[in-house]
Each structure stands twice: as structure tokens, then as C-alpha cells.
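Participant: I need the structure of the sequence given here:
(4 chains)
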Protein chains: 4
Amino acid sequence: MERDSLKKMQEKLRQFNEDRDWDQYHSPRNLAMALSVEAAELLECFLWVRDGETIPNEKRTHIAEEAADVLICLLNFCTQANIDLPAAFETKLAKNAAKYPVDKARGSREKYNNL
Amino acid sequence: MERDSLKKMQEKLRQFNEDRDWDQYHSPRNLAMALSVEAAELLECFLWVRDGETIPNEKRTHIAEEAADVLICLLNFCTQANIDLPAAFETKLAKNAAKYPVDKARGSREKYNNL
Amino acid sequence: MERDSLKKMQEKLRQFNEDRDWDQYHSPRNLAMALSVEAAELLECFLWVRDGETIPNEKRTHIAEEAADVLICLLNFCTQANIDLPAAFETKLAKNAAKYPVDKARGSREKYNNL
Amino acid sequence: MERDSLKKMQEKLRQFNEDRDWDQYHSPRNLAMALSVEAAELLECFLWVRDGETIPNEKRTHIAEEAADVLICLLNFCTQANIDLPAAFETKLAKNAAKYPVDKARGSREKYNNL
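Facilitator: Numbers count the residues shown, from 1 in each chain, chains lettered A, B, ... in the order given. Below is the predicted model:
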């Protein structure tokens, strides 16, 4: 499904930025900063709530928007830093699988903390 | 391409976490915290360098890994918070396009700053 | 008490950095990045624990160190950005007091969320 | 000078929070989250500007306010986590001095990166 493909999303963003001549601000370093800022905006939605609390419906739209902002920054970053994100994902997941074998890691927060 | 699909990646992560019984730690709130931590680890790669500096090759692997960690956290978050990320992406991009029409936003950092 | 004074701490840091000729890396922008990175390292200490959980003693030293790192970055930032931090603190506290009058804000998370 | 003392600031905040019955939200974990959010708000002031750019005067008040917010969160955190911040500062500075001896660290970003 096209809308589901990272490369297609990245391509849409590339066009979006080119149309606005925004690449001039998009150094990998600037985008890494923007990504941290967006991640913190998502985190802010969860301040002062309890872990178990369900997210109220009126907050859900806002949270989804913040999650989208994180993805947008991450894809812009990968474009500018020339990183193949799906490949990086596969490599990292394989590395994690080797580091946390199922029989040892199962249910262990100790292991998890060292992720 | 399968490796390029967000849903497929999310599915792989769901299996990965289920195998290790890690969902118990994966409240949306915890994952939002983890996402901020991962974004900061990516940012750390760009501390004390200049904007124009090219990324040395030996650093590229590390940076790609940190970018993958951000994606992993974001996908785990969307799974647990029940957010359709590709849909959120489309909605946000359309919103940004309406907010920053090409003719007005072109090359303007002023606009950009209010993104 | 001298060790308690922000200005004295700032002065010690200024000497420390001057001795190492580190001011060249200390643009306000770089230090704002470093501050975010240090804050995330403090946050990382609280990942995957529950809100009520007491901090184990062996972790306390590490947490205190991360808190000190945040203060060091913040003071370096204020030095370079020419910000009088004690004055800014007083101004902000007065502003908060006006925004959250005791009788209205008491115990209310609603108010608090808009802090 | 009283306004310069961390302990006095911490005492003022303790009173401020007690008056509003806000301690119930102030677990160390929540405050560590809030600190990351505030640090990111400070960072946001420096997005899309160049390293050398001087801070425009109209932005200075806002930046000072964000710096104050970081200090407020940090002090609230230290109160709740029972951390003696001036002591932690001294310990960390001594540790850094030992790790980065003047003759070796002078002007070296290499060293600095491992700070």
C-alpha cells in the first residue's frame, strides 16, 4: 500500500520542502535538533498523567499529530543525512535480537534497561 | 517493497516484543519517554560540530543506528497508543501544506519558524 | 554559604572552561543542545520504572551526577547568552504566582497542565 | 546574596508548590520528564538559526524565561529526589577536572566529545 511506504513518504516530503525552498535550513544537525524538540512535544502530552491512565479522546488527535511530526523530522533527517532508514531498521532489529535472545530476555526489565 | 512498509515493521516489532514479554513495560507514556531519550542520543552525535561539517564515515553507522532506534520507539508507541501513523502523516502533511502555501512560504524562515 | 551561590558556581565554571580553552565550542546554541542531551540522560534513569518506585541507593549517585550535569550546562549557557539566572528565576516565579493564584490553582491538575 | 542562593530558591519553590498542593504531581520521575520538556523549549529558541547569529533582543526575554523554567524543574526535582545539588555540582566538577587535565584537554574537541 502506497501510503504505507517510507520511501513514498520521504518522496512526498522532499517535494514539499523543495516547493518551499526549505532545504537550506535542513542540515542534518538542524533536523536532529528539530527531532528532539518534536519528541519533547509528544512527551509533553503525557506529563502529569499516571502510567495506567487512558488517553482521553480529545487528546488523541493532538497526540497523533505530534507522532506525525516526529516521523516527518526523522524522514527529513534521513534524506539529508543520506540514511536508508528501512535498512537501518532491519540492521538494528537483528542486532537487538542477538543482544536479547528470547530465552534470556523474556520478561526481564534488567535486560531491558540495558537495551 | 515489504521492508519499506511501516505496517510490516510495526508487525515485526510487535512479534519481537511479544516474544520477550516486553509489552508490560510499553505503556504509551513510557514509550514517549524512551522516544525523547533516543532522539537526544541522535542529537548527541551532532554536538560540538559545525553546521556545515560533513559527517565522518566512521560516525555514519552509529548515526544510522540511532535513527533506527527513534523509529523503533515511534512505532512501538503508535502500536500501544493505537495510532495509525501513515494516516497521521497524511493528515499532518495536508495541514502543513494549507498552513504554508508555496507562494507565501517559499524560502521564508519567518514562516518556517512558526511551523 | 559560598558553595550555594549560583554566581560562584558560574565563576568556577568560567575558570574551568577558560583553562581548557573550551569557550570556542560554547555558543549558546551548542549549549542549548548539550542541555537537552543532559536532561535526557537524567530522564533515562527513570525509564521503565514505576512512578511510585523508590530510587535504589546505587542509582542515587548516578542520578545526582546527571542533575549536576544539567546545572553545569545551564550555567554555561547563561554565561554565554548573558542571562542573569537568579533574576530570571525571580521574574518567572512572580509570573507563575500571578498565573496560578493559590485559591484557584490549589490541587488542580487542570491548571497545572497549562503551566 | 540571598537571591543568588540555590537553597533559598529551592525553599521558595517548596513554599510555592505547597501553597498549591502540587507535590502530589511531583514525583522525581514526573519532574525528570518536565525537565526534558523545558530543556527542549529552550532548544526550540535556537532552531533554524546559525551558530554565530546574535540573539535578537525581543527573543532574549523569552529565552531567559525558558532558562528559568529549566532551573525551576531542576530544583523541584532535587527537592523531591533528595539531592543536594551544590554538593553534586562540586563532586562533578572535581571529577571533570580529573578527567580533563588542563594540559591534555586544552582546546581539544576530541577530549571534549568524550566529556
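
Participant: can you list the domain ranges for chain A.
Facilitator: A:2-83, A:84-115 (automatic domain parsing).

Participant: any idea which of the ones you listed is most buried?
Facilitator: Of all the domains of chain A, domain A:2-83 carries the top mean neighbour count, a mean of 19, counting by mean count of other C-beta atoms under 10 Å in any protein chain shown. For every residue, glycine as well, the C-beta is placed using N, CA and C.

Participant: name the nearest residue to residue A:5, sequence neighbours excluded.
Facilitator: Nearest residue to residue A:5 in three dimensions, chain neighbours excluded: residue B:4, at 4.9 Å (C-beta to C-beta, 6 or more residues apart in numbering or on different chains).

Participant: in TSV: the domains of chain A, plus mean pLDDT.
Facilitator: Compiled in TSV, the domains of chain A are given as follows (pLDDT from 0 to 100):
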stretch	mean pLDDT
domain A:2-83	93
domain A:84-115	84
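
Participant: residue D:8 is nearest to which of these?
Facilitator: Across these, residue D:8 has its closest neighbour in domain A:2-83 (26.5 Å, C-beta to C-beta).

Participant: straight-line length of that closest one, end to end?
Facilitator: End-to-end distance for domain A:2-83, by C-alpha to C-alpha, to the nearest Å: 21 Å.

Participant: could you pull out the helices for chain A?
Facilitator: Secondary structure of chain A (DSSP state H): helices located at A:6-20, A:28-44, A:57-81, A:85-99, A:102-105, A:109-113.

Participant: can you tell me if the first one touches chain B.
Facilitator: I take that to be helix A:6-20. Yes. Helix A:6-20 lies within reach of chain B by C-beta under 8 Å from any C-beta of the partner chain, at A:6-7, A:9, A:12-13, A:16, A:19-20.

Participant: what sits closest to the residue in chain A that chain D sits nearest to if chain neighbours are left out?
Facilitator: Nearest residue of chain A to chain D, counting by C-beta to the nearest C-beta: residue A:40, 3.2 Å away. Spatial nearest neighbour of residue A:40, excluding adjacent residues (C-beta to C-beta, 6+ apart): residue D:40 at 3.2 Å.

Participant: what values do phi and psi take at residue A:49?
Facilitator: Main-chain dihedrals, residue A:49, degrees, to the nearest 10: phi -110, psi 160.

Participant: for it, which non-adjacent residue is spatially closest?
Facilitator: Per C-beta to C-beta, 6+ apart, closest to residue A:49 is residue B:29, 6.7 Å.

Participant: next one: the one you found relative to residue A:38, how far apart?
Facilitator: When C-beta to C-beta, to the nearest Å is the yardstick, residue B:29 and residue A:38 sit 17 Å from each other.

Participant: out of the helices of chain A, nearest to residue C:102?
Facilitator: Using C-beta to C-beta, the nearest of the helices of chain A to residue C:102 is helix A:28-44, at 24.8 Å.

Participant: just checking, what packs against that closest one?
Facilitator: With contacts defined as 3 or more C-beta pairs under 8 Å, 6 or more residues apart in numbering or on different chains; DSSP states H and E, helix A:28-44 has these neighbours: helix A:57-81, helix B:28-44, helix B:57-81, helix C:28-44, helix D:28-44.

Participant: do you know how far the residue nearest to residue A:41 when sequence neighbours are not counted is from residue B:85?
Facilitator: Closest residue to residue A:41 apart from its sequence neighbours, by C-beta to C-beta, 6+ apart: residue A:66 at 5.2 Å. Using C-beta to C-beta, residue A:66 is found at 12 Å from residue B:85.

Participant: cool, residue A:49 as well?
Facilitator: Counting by C-beta to C-beta, the gap from residue A:49 to residue B:85 is 22 Å.
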